[in-house]
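*Asks:* just a sequence and a predicted model for now, questions to come.
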Protein chains: 2
Amino acid sequence: MSFYSSLAAFFWQATDSLNTSSDSLYLWIALAVGLLGLIAALVFARSVLSSDTGTADMQRISDAIRQGAEAFMRRQYGTIAMIAVALAIILYLGYRLSPFTAPYANKVVISFLIGATCSALAGQTGMWVSIRSNIRTASAARTSLGKALQIALRGGAVTGLIVVALSLLGVGVLFLLFGGLQHPQETPFKLVGFGFGASLVALFAQLGGGIYTKAADVGADLVGKVEAGIPEDDPRNPAVIADLVGDNVGDCAGRGADIFESTAAENVGAMILGAALYPVFGIKGILFPLIVQAINLIASIIGVSIVHSKEDEDPMHALNRGYYVTSILALVGFAVAVYYMLQGRWWLLGCGICGIITSFLFVRITEYYTETRFRPVQSIAKASLTGPATNIISGIAVGMETPAVPVIVIGCALLFSYYFGTRGLADVSTISEYSKGIYGTAIATMGMLSSAAYILAMDTFGPITDNAGGIIEMSNQPHDIREKTDKLDAAGNTTKALTKGYAIGSASLAAFLLFSAYLEAIHDIVSQRLAAAGEVLPASWSFSNVNLASVPVFVGALLGAMLTYLFSSMAIKAVGRAAQTVIQDVHQQFKENPGIMEGTSQPDYGRCVHIVTGAALKEMVLPGVLAVAMPLAVGVIFRHFSSTFNLKELADSPTIHGIPVNLSGAEAVAALLMVGTISGILLAMLMNNGGGAWDNAKKFIETGQYGGKRSEAHKAAVVGDTVGDPFKDTAGPSLHVLIKLLATVTLVLAPLFV
Amino acid sequence: MSFYSSLAAFFWQATDSLNTSSDSLYLWIALAVGLLGLIAALVFARSVLSSDTGTADMQRISDAIRQGAEAFMRRQYGTIAMIAVALAIILYLGYRLSPFTAPYANKVVISFLIGATCSALAGQTGMWVSIRSNIRTASAARTSLGKALQIALRGGAVTGLIVVALSLLGVGVLFLLFGGLQHPQETPFKLVGFGFGASLVALFAQLGGGIYTKAADVGADLVGKVEAGIPEDDPRNPAVIADLVGDNVGDCAGRGADIFESTAAENVGAMILGAALYPVFGIKGILFPLIVQAINLIASIIGVSIVHSKEDEDPMHALNRGYYVTSILALVGFAVAVYYMLQGRWWLLGCGICGIITSFLFVRITEYYTETRFRPVQSIAKASLTGPATNIISGIAVGMETPAVPVIVIGCALLFSYYFGTRGLADVSTISEYSKGIYGTAIATMGMLSSAAYILAMDTFGPITDNAGGIIEMSNQPHDIREKTDKLDAAGNTTKALTKGYAIGSASLAAFLLFSAYLEAIHDIVSQRLAAAGEVLPASWSFSNVNLASVPVFVGALLGAMLTYLFSSMAIKAVGRAAQTVIQDVHQQFKENPGIMEGTSQPDYGRCVHIVTGAALKEMVLPGVLAVAMPLAVGVIFRHFSSTFNLKELADSPTIHGIPVNLSGAEAVAALLMVGTISGILLAMLMNNGGGAWDNAKKFIETGQYGGKRSEAHKAAVVGDTVGDPFKDTAGPSLHVLIKLLATVTLVLAPLFV
């Protein structure tokens, strides 16, 4: 433990010297802790990699998974790189078009590419470790459940730490390079490219991974369980390795990119809002989000380190212990940061606590809707008695019910953190009440994300234990070892579901922050344009009137909501089409090689992996492009046609040489962003929780309820589970990413809409 | 035909004398045409009732349906009456609480009660005729398809005409009574209670009817087809009469109330906007919507009268001919009205044409997504080959795709009609560009609703022919007669689906109009409050800033979207619970009386009808109350707590004695209304079209595709059809009504939020 104690010593020394030294020290601390996070990730990775790798049989299976996952990741990031480069060129040209934006073209494109690269790097390395952790977890399970749990969590922690550390380092280094220490108020606006780069990679990573994982899963199940009558994870099924690969690329790499994007977008957004409070806090208010991420890293490292489990204990208890320790440490760190950086305004700590409570409540609500102990899952299981139709109807009804309480929680979190923000800054008269309140909600979002690294470690724990179970199953290990991995797998399923609840919760809270950042950005742009024309923006004007009663805003809002439906539809259909290619290949393999079913010869796992890889990558392009193209199209079209349609009078715009600035495009996009976000949050909750509830209703019946396995009720529940798969693992998580992409894309494109 | 020619003569004489006479004449014309609509309904009803009523066997079945429907309607409207009276008392007390609103308490409550009564009356009498038309249609089908078609359509036309005529008469008479001819600018605001009364009855009628019809349908199917293995409409099934009753109370009475609400809300909303144009058009601008409804009545009467069908013709062709004639007549009438009432500003006729084109496109898009000829339904049918799970997934994917094109159509309609509005009034300098544009969108909505009576006749045609088919089936008529009623039934299914598309389209367009009316109402209230305090509202101020970036607005928006999900969830669950009561009763009847299945003794149809009636009425209360209570709660809570949460600075409010008017509640409700409407429109499209597509995918397979009836694919498709039932017949149509209820309830409660 000498490593951790020296870490703690460093932290205390650093904070101790803060009162006296220059404010820029905070930036250096944040960067140092970012590096430290990477080092800790390395330490965890080494500790995992030094573990035993089991029998040759186990290794053979693990190698196949590893190769499949690596092949997919290589090709996926190859495709994403091409899309990113194409977009960088478009972005560059778009910015060069106008004399106002041309000076920023380089910075935006550079930060975009760095954001994309960091996001890809985080996904790749986290994945590299987790596909090596699965076999080691499986091997450890042969001797000790506690040891296996530790390996799986530490393997997951590598992803968690790298994601948060790279996001912190990326934003911090860019801030430094773009002259943040010299011009702290202007620099945050130049970082928006970073968030967009991160979001773009995240969108395609989540879409591609999500389509891959469910196409392989649905394809393997339909041919294996339904047609050939062989159990799950049976080595005779040619799609079984593709299925195990899918757990990694979907859950692990996908969610990693998702959280990377959340923290990156939140950092940039909160720094933009911090810039509005420059008169109060100086650079400290701008650097505060970075320090919170640093605290997150340290708290999570400690949280992961202390997790040990007794042999007979429920693994969830051990994981929850780590979560509570992380949360408490993060809270303490938050308080210290408020004391040193925000002038000890304790009402603002209240905002952070709002965020932490919200994240806790979201996890609990998700639990209620997706665990077998509670009414919703049981009602679906009961409805399965009258067949698949009633199972589906009751699952959808449960899914539609799920947004109710979370929406109220988000509403309360926003109201209270807004209020705490205004109270915390009550004595400041140089900024508006509105800016105070909004900064309060930003702090709440930071609070919510202050345990992100640990949460992500718990999330990646899921696919690692799932794979470990698969390896044990396929290498025919004794039954008592399988029981151990089943325990871990069950805990992994729970953590996966809960982190989805966390992800959507943080997305909802961050949405408001990002939206406010967009309005700030438009305000900044308008004031620059006026300054360039030698005029001055009236102090009283603010671009905060996204007036739902104006036609472009209403149409933008309609289009935003529609986008989330169309995007989900595309994602779901993509899974269906990709699954068809899996089914065809498996049929062909069975026909070409009858020895497979007799168990005398091995199927060609690689071919199946290859095919579903190609299908998933092809299918991810269209919905991804739609998500980027639509805000761009709406903004440009409304800007362009606003005079054609006589819309110009609507925006209460300042004038340049007597001509009002054309804000129709900016307004329509604001509405698209805002209402798209609201609709996306609700749809994602419907699909995540509905899917999770269907899944567990099936598991509930498998425990012997309503006739148990092989009963008619079970058959009906399997239908529900299959329907829920693309909901909860493809469309739902992709919607999280879409919401944040909308926010970052609008931030980046904002200058083109005015 | 002498009746129709005298009608036409009357119309031309009246328009001829308009140029010279007083403006109030328009009101008298509207009222006269409203009466004429009632008389025409009476004529159609007499012509239907004088037809032959078939054999004693047929009459026995028809009588059972009639008694069941009448019993349901009696109890349903009894329950609704109690709720309405309770709400009237609350409304009265709420208005009496404040000195500002107290003087209006009587008028609001009276117009509320009259709106509710007219709506109930329209539903009741329309229903009275349609349950008498089914037997006569069945009887006529024994000799002539054309004759049967005519009876069914004229039976439906009674509903259509009564609905539109009562809506016109209600609004017109109240306008007259409340002194509209003396104070034309103020009176429209006093009519808001009428729209709310209509909406309230519509919500409960649609919810109760929708739950009833699907509970009976699902219950009858699950026991009959699935368990007992008897065909649909088999007289041995005790729930079969309840099922046929359901078609009437759900489709006929429910949609009647829906369209009544649409026209009432649109009339009142458009009159409020017309008041803003008083300087230009005087009272004519306010009365214009009433005259458009009068034109609608006349055009529809003629359209229905000319429908004749040859024996070998597809009934849809004949129905479409009538629709085209109605549309063209409505367009001509519209042009005449624009000439006489809107100073011949032909750009405004363009707005009306926008609306007519929109309604046409919506019907065509609905056709594309729900008819077997096109890709969407065929893709669902194909997905059924791999089982119910893929059928469901592809149905949901189709449903989620459906809002895309309609949203673009609505967006274009709004932009163009806004533009035409500004062009049409370009020379007027006394009103803002915004008011001109908004009036343009209002005229587009009138255009869209200008064939409502005919559309409603086509819609009610659906349950009449469905029932006629059931009567023929249950009375064991020869096969060739069944073929005729099957043809009519197929046309009825199509018209039902298309009118749902029309209803949601008009709701989307009307949403914008109603939202603007709400903003006008708030503006009116604020100016009254200031006047009472002896201050003057600055001319530049308008309550049109529903700023999505403010906390109460964002939270209101989230809550609005959430409401549509929770409401749908409740409606769907209600169907499930009510269906369970049907299943239990059927099981018990089979057990108590084994002679039923042997065909030796008759089941107790009435008991089943009685049970499902009670269940549906119980289940409709909770979602209905939620819909009314939530806007009220949000408005009052945000108004009350805005100072607690330091929100007061947000609204850019005028001041009274230096204190800003508290508009947080009004803003939050505006966002709830607007985003709730957007979310509701999309969800309703998803459910209506998804449900319709599932239904027809099953029918497509039944024509022999993918293995035909009794194949595995067919079984899978039946699952999809059952899932789609509560979507398309309960939750979807109830959402239409909910959207409009939100608009009218916020209009009525507006004074309580300020």
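*Replies:* On my side now, so go ahead. Residues are numbered from 1 along each chain as shown, chains lettered A, B, ... in the order given.

*Asks:* mind listing what A:Lys107 touches?
*Replies:* A:Phe178, A:Lys190, A:Gly193 (C-beta atoms under 8 Å, 6 or more residues apart in numbering or on different chains). For every residue, glycine as well, the C-beta is placed using N, CA and C.

*Asks:* repeat that with 7 Å
*Replies:* Counting by C-beta atoms under 7 Å, 6 or more residues apart in numbering or on different chains, A:Lys107 makes contact with A:Phe178, A:Lys190.

*Asks:* show the model's pLDDT score for it.
*Replies:* Listed pLDDT for A:Lys107 reads 87.

*Asks:* please apply the same query to the one 10 residues further on.
*Replies:* Taken from the predicted model, the pLDDT recorded for A:Thr117 is 93.

*Asks:* how many other residues sit next to the residue nearest to it when sequence neighbours are not counted?
*Replies:* Of all residues not flanking A:Thr117 in the chain, A:Gly197 sits nearest, at 7.5 Å (C-beta to C-beta, 6 or more residues apart in numbering or on different chains). Neighbourhood size, A:Gly197 [other C-beta atoms under 10 Å in any protein chain shown]: 32.

*Asks:* and A:Gly197, what is it in contact with?
*Replies:* Going by C-beta under 7 Å, 6+ apart, A:Gly197 touches A:Ser111, A:Phe112, A:Leu113, A:Ile114, A:Gly115, A:Ala116, A:Ser119.

*Asks:* didn't the second one look like it was pressed against A:Phe196?
*Replies:* This points to A:Phe112. Yes - at 5.6 Å, A:Phe112 and A:Phe196 qualify as touching, with contact defined as C-beta atoms under 7 Å.

*Asks:* so the residue nearest to A:Thr117: helix, strand or coil?
*Replies:* Per DSSP: H, G, I helix; E, B strand; the rest coil, the local secondary structure of A:Gly197 is helix.

*Asks:* look up how far A:Ala84 lies from it.
*Replies:* Look at A:Gly197 and A:Ala84: by C-beta to C-beta, to the nearest Å, they are 7 Å apart.

*Asks:* same check on A:Pro733?
*Replies:* Taken as C-beta to C-beta, the span from A:Pro733 to A:Ala84 is 20 Å.

*Asks:* who touches both of A:Gly197 and A:Ala84?
*Replies:* A:Ala116.

*Asks:* state the pLDDT value of the spatially most central residue of chain A.
*Replies:* By C-alpha atoms, centre = their mean, the mean C-alpha position of chain A lies nearest to A:Asp258, the distance being 2.4 Å. Predicted confidence (pLDDT) at A:Asp258: the value is 83.

*Asks:* re the thing from before, more neighbours: A:Pro733 and A:Ala84, which one.
*Replies:* A:Pro733 (27 against 22).

*Asks:* quick check: that one touching A:Gln206?
*Replies:* Yes - the pair A:Pro733 / A:Gln206 is scored as a contact, 5.5 Å apart, by C-beta under 7 Å.

*Asks:* ok, back up a step: more neighbours: A:Phe112 and A:Phe196, which one.
*Replies:* Higher neighbour count among A:Phe112 and A:Phe196: A:Phe196, with 31 against 25, using other C-beta under 10 Å.

*Asks:* do you know how far that one is from A:Leu91?
*Replies:* 8 Å.

*Asks:* what touches both of these two?
*Replies:* Residues touching both A:Phe196 and A:Leu91 (C-beta under 7 Å, 6+ apart): A:Phe112.

*Asks:* touching chain B at all, whichever strand or helix holds A:Ala517?
*Replies:* Per DSSP states H and E, A:Ala517 falls inside helix A:479-532. Yes - using C-beta under 7 Å from any C-beta of the partner chain, helix A:479-532 reaches chain B at A:Phe512, A:Phe515, A:Ser516, A:Leu519.

*Asks:* my guess is the third one contacts A:Ala275, does it?
*Replies:* Translated: A:Ser516. No - in this structure A:Ser516 lies outside contact range of A:Ala275 using C-beta under 7 Å: 11.9 Å.

*Asks:* those two: which is more packed in?
*Replies:* Shown here are A:Ser516 and A:Ala275; by other C-beta under 10 Å, A:Ser516 has more neighbours (25 against 20).

*Asks:* still on that earlier bit, just the angle for the host helix or strand of the residue nearest to the centre of chain A relative to helix A:479-532, thanks.
*Replies:* Applying DSSP H and E as the criterion places A:Asp258 in helix A:255-276. Angle of helix A:255-276 versus helix A:479-532, following axes from the mean of the first three to the mean of the last three C-alpha atoms, to 10 degrees, is 30 degrees.

*Asks:* following helix A:255-276, which helix or strand shows up next?
*Replies:* Per DSSP H and E, the first helix or strand lying C-terminal to helix A:255-276 is helix A:278-281.

*Asks:* what's the burial count for A:Asp427?
*Replies:* Neighbour count for A:Asp427, taken as other C-beta under 10 Å: 8.

*Asks:* one more: A:His183?
*Replies:* 11.

*Asks:* what confidence value was assigned to it?
*Replies:* At A:His183, the pLDDT value in this model is 87.

*Asks:* look at it and give its secondary structure.
*Replies:* Once three-state DSSP is applied, A:His183 turns out coil.

*Asks:* show me whatever sits in contact with both of A:Pro733 and A:Gln206.
*Replies:* Common contacts of A:Pro733 and A:Gln206 (C-beta under 7 Å, 6+ apart): A:Gly254, A:Asp258.

*Asks:* now the helices for the stretch 251-400 of chain A?
*Replies:* Assigned by DSSP state H, counting those that start in this stretch, the helices in the stretch 251-400 of chain A fall at A:255-276, A:278-281, A:283-305, A:315-341, A:346-370, A:375-383, A:388-401.

*Asks:* pLDDT weak spots in the stretch 551-700 of chain A?
*Replies:* Applying pLDDT under 70 to the stretch 551-700 of chain A picks out residues A:644-661.

*Asks:* give me that answer again for 80
*Replies:* For the stretch 551-700 of chain A, the stretches with pLDDT under 80 are A:597, A:599, A:640-664.
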